[in-house]
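[1] After the sequence you'll find the predicted model.
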Amino acid sequence: MRIQWLADLETFQIDYNEQTQRYCVGVTAIVKVTLRDGVYHEDVGFGMLDNCRQKGMALDKVRVLPPVIPWYNLN
């Protein structure tokens with residue numbers, strides 16, 4: 001039997017974006033995973049990147065924005 005689930009990015013927030021000689025960025029995300037039967041779980045994750053030369057590159061590397069996530073099957 002396969003368990004089907006869906007993941008949603010509930011919130012995504014840049015916590016800090018510091019610049020000295022290089023950029024340091026930290027982000028927090030809340031993700032909600034819902035099973036096909038309606039049971040769900042929310043959790044918080046934190047990502048950070050230190051010592052990056054460019055601000056855009058730092059922001060891009062610190063976060064992984066998922067595309068629209070379809071129902072997945074777990075074995």
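    That came in fine, so what should we check first?

[2] Just the C-alphas of stretch 18-28, formatted as PDB.
    Included here for stretch 18-28 are C-alpha records, laid out as PDB according to Å, rounded to 0.1, in the frame of the first residue of the first chain:
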ATOM      1  CA  GLU A  18      24.200  40.800   7.400                       C
ATOM      2  CA  GLN A  19      27.000  42.300   5.400                       C
ATOM      3  CA  THR A  20      30.500  42.900   6.500                       C
ATOM      4  CA  GLN A  21      33.100  42.000   3.900                       C
ATOM      5  CA  ARG A  22      30.700  39.100   2.800                       C
ATOM      6  CA  TYR A  23      27.100  38.300   3.200                       C
ATOM      7  CA  CYS A  24      25.600  36.100   6.000                       C
ATOM      8  CA  VAL A  25      21.900  35.100   5.600                       C
ATOM      9  CA  GLY A  26      19.500  33.000   7.800                       C
ATOM     10  CA  VAL A  27      16.000  32.000   6.900                       C
ATOM     11  CA  THR A  28      13.200  30.100   8.700                       C
END
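
[3] Pull the residues that contact that stretch.
    Contacts to stretch 18-28, defined as C-beta atoms under 8 Å, 6 or more residues apart in numbering, come from residues 11-17, 44-55, 57-59, 62-63. Any C-beta I mention is one placed from the backbone N, CA and C, and that applies to glycine too.

[4] Emit the PyMOL select command for whichever of those are buried.
    Buried members of these can be picked out in PyMOL with the line below, counting by 16 or more other C-beta atoms under 10 Å:
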select buried, resi 49+52+58+59+62
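
[5] Could you find the closest non-adjacent residue to residue 35?
    residue 5 (5.2 Å; C-beta to C-beta, 6 or more residues apart in numbering).

[6] I'd assumed residue 37 was in contact with the one you found.
    No: in this structure residue 5 lies outside contact range of residue 37 using C-beta atoms under 8 Å: 10.0 Å.
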